[in-house]
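Student: Test case, fold it:
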Amino acid sequence: MPTVIETHATAPVFPPGRYGRRRAEKPSRPWVPILLSVLVAAALTAFAARLYMSYNTDRYEPRLLAYSNVTDTSVTVRFEVRKSDNDGPATCRVRALSSNGEEVGLAEVDVPPGKIVQVMYMLATSRRAFHVEVPACGPAER
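Tutor: Sure, this is the predicted structure:
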């Protein structure tokens with residue numbers, strides 16, 4: 001019958017002075033990473049809120065009503081802007097696209113004060129426009 005030899009692992013014993021002085025363990029501080037995480041989350045939330053307030057365009061809702069008089073050099077655009085929180089002046093971007101999707105006309109159009117305003121604008125184009133859109137509006141820069 002084979003003999004079974006049991007071995008037990010023991011902690012290593014280092015010669016004194018050979019590997020430097022052993023440091024004492026630092027006390028555990030579990031609240032430090034939690035506090036840092038909360039501070040980072042608060043800073044990111046404040047940053048996101050500031051960006052949202054700066055670049056949010058939901059307060060201005062442009063709607064294309066019609067476009068007509070399409071020629072090789074221009075198109076007449078009629079659109080409406082609804083302003084939810086401000087009835088001051090606004091600026092809207094109007095652009096015309098060719099049949100292959102190329103931009104053939106672009107303009108920043110000033111919109112007068114009012115809650116719901118209709119605007120008619122003649123947009124100059126480099127070629128015949130196939131599609132017209134009003135992608136965004138925002139507050140008028142002063």
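
Student: now do the same end-to-end measure for stretch 83-98.
Tutor: Using Cα to Cα, to the nearest Å, the span of stretch 83-98 from its first residue to its last is 30 Å.

Student: Report the distance from it to the chain centre.
Tutor: Stretch 83-98 has its average C-alpha position 19 Å from the chain's average C-alpha position, going by Cα atoms, centre = their mean, to the nearest Å.

Student: in that stretch, what's buried?
Tutor: K83, P89, A90, T91, C92, V94, R95, A96, L97, S98 (16 or more other Cβ atoms under 10 Å). Backbone N, C-alpha and C define where each C-beta goes, glycine included.

Student: Against A48, how distant is the fifth one?
Tutor: By that I understand C92. To A48, C92 is 26 Å away according to Cβ to Cβ, to the nearest Å.

Student: just the last one next, same as before
Tutor: Relative to A48, S98 is positioned 38 Å away (Cβ to Cβ).

Student: what's the answer for the second one, then?
Tutor: Distance, P89 to A48, by Cβ to Cβ: 28 Å.

Student: Run through the helices of the chain in chain order.
Tutor: 31-55 (DSSP state H).

Student: give me the low-pLDDT residue ranges for it?
Tutor: Scanning the chain with the threshold set as pLDDT under 70 gives 1, 17-23, 56-58, 86, 142.

Student: at 90 instead, please
Tutor: Across the chain, residues meeting the criterion (pLDDT under 90) sit at 1-34, 49-61, 82-91, 101, 111-116, 136-142.
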